[in-house]
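**Q** Need a 3D model of the sequence below.
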Amino acid sequence: MTSRAELDTDPRGVWTGDVLRYGDTDANGHINNSTYSVLCESGRVNLFQTRLVPLMPEGHYFVIVRLAIEFKAELFYPGTVRTATWLSRAGRISLTVEQALFSGETLAATSEGVCVIM
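**A** Down below sits the predicted model:
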């Protein structure tokens, strides 16, 4: 599920908007690859806070144990990114989160993260 049209209409996804900062740029003038992981984190936190934390027992939280990012396009400053985040698998103590990062209509990256409950 990485088409913007599919994601816009799918109720399982949560959208998170972020502003790209000048400090996110690298020597080549585009957004540094490490910033993509920060954008993924922003989307995961939004999903957890809006959909999962209200259902969890007090004192428990999710931690990420694996993050894989597939870079599809460069990002540039100034700009904004919208990240779609959804659960793709739920296990006994872990869950898998998938994401798609868009700059306008351009798919900049996809990611898959595995989180465990502590």
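**Q** so what's the residue nearest the centre of the chain closest to, chain neighbours aside?
**A** The residue lying closest to the centre of the chain (C-alpha atoms, centre = their mean) is residue 40, at 3.0 Å. On the basis of C-beta to C-beta, 6 or more residues apart in numbering, the spatially nearest residue to residue 40 that is not a chain neighbour turns out to be residue 111, at 4.9 Å. (Each C-beta comes from the backbone N, C-alpha and C, glycine too.)
**Q** picking that back up, can I get the strand or helix carrying the residue nearest to the centre of the chain as CSV, trimmed to CA atoms?
**A** Remark: residue 40 resides in helix 33-47, with elements defined by DSSP states H and E. What follows is the C-alpha trace of helix 33-47 in CSV, where atoms were taken according to Å, rounded to 0.1, in the frame of the first residue of the first chain:
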residue,chain,number,x,y,z
ASN,A,33,19.3,10.2,4.9
SER,A,34,19.4,10.1,8.7
THR,A,35,16.5,12.6,8.7
TYR,A,36,14.3,9.9,7.1
SER,A,37,14.5,7.8,10.3
VAL,A,38,13.4,10.9,12.3
LEU,A,39,10.4,11.3,10.0
CYS,A,40,9.6,7.6,10.5
GLU,A,41,9.8,8.1,14.3
SER,A,42,7.4,11.0,14.1
GLY,A,43,4.9,8.9,12.3
ARG,A,44,5.2,5.9,14.6
VAL,A,45,4.8,8.1,17.7
ASN,A,46,1.7,9.7,16.2
LEU,A,47,0.2,6.3,15.5
